[in-house]
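[1] Fold the following and give me the result.
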Amino acid sequence: MGLGLVLIYMGLLGFGTMVSPGIGLSGRMIEMLPSTFTDWMHAPAYAVLTWLLTSSLQQRGWPCRYALFVAAAGAMVFGLWMEVAQGSVPGRVADAGDVMLNAAGIGTAALLILRRALPADRTVGLSPVRSYPPVA
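    Numbering: from 1, shown residues only. Below is the predicted model of the structure:
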């Protein structure tokens, strides 16, 4: 899985952004879906984008945490620009709620990637309990 797959996926997300409801075949298909479904699809779509970007960077030798940080930031910027572009499409609007759902998907993917990357004996956010000698 390389950069080509990431670019194809980003192209598909961009295509979905530019579809006008009711116009053309894809617009009629989008119109048939409930709006709650299309709204909630933002989270898994951007989780997949974050995972693809992170994997692509790791294949290039990036450490997991650096790759994840850059991938999450890149996915968020891409999502913001897709919302801006969507605002120029007839029948579509830029929506802050969509950006929040994008962020939720990115955050979920980040947590899952970090959880998988950590050794089995550690937990995200928790440090081992240490006992200190009593203060005299």
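
[2] per-residue confidence averaged over the helix or strand that contains Ser26?
    Using DSSP states H and E, Ser26 sits in helix 24-32. Helix 24-32 shows a mean pLDDT of 80.

[3] cool, stretch 81-99 as well?
    So the average pLDDT for stretch 81-99 ends up being 92.

[4] Now find how far off-centre it is within its chain.
    17 Å (CA atoms, centre = their mean, to the nearest Å).

[5] Next: stretch 32-40.
    Computed by CA atoms, centre = their mean, the separation of stretch 32-40 from the middle of its chain amounts to 18 Å.

[6] CA atoms only: put the helix holding Ser26 into CSV for me.
    The C-alpha trace of helix 24-32 is given here as CSV (Å, rounded to 0.1, in the frame of the first residue of the first chain):
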residue,chain,number,x,y,z
GLY,A,24,-26.4,13.2,-12.8
LEU,A,25,-26.2,9.5,-11.9
SER,A,26,-24.1,9.9,-8.8
GLY,A,27,-26.2,12.9,-7.6
ARG,A,28,-29.4,10.8,-7.9
MET,A,29,-27.7,8.0,-6.0
ILE,A,30,-26.5,10.3,-3.2
GLU,A,31,-30.0,11.8,-3.0
MET,A,32,-31.5,8.3,-2.3
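
[7] buried set for stretch 101-113?
    Leu101, Asn102, Ala103, Ala104, Gly105, Ile106, Gly107, Ala109, Ala110, Ile113 (16 or more other CB atoms under 10 Å). Any C-beta I mention is one placed from the backbone N, CA and C, and that applies to glycine too.

[8] which of the residues you listed lies closest to Val6?
    The closest of those to Val6 turns out to be Ala109 (CB to CB; 13.7 Å).

[9] For the helix or strand encompassing the closest one, name the packing helices and strands.
    Under the criterion of DSSP H and E, Ala109 resides in helix 96-117. Packing contacts for helix 96-117, counted by 3 or more CB pairs under 8 Å, 6 or more residues apart in numbering; DSSP states H and E, involve helix 35-40, helix 42-59, helix 64-86.
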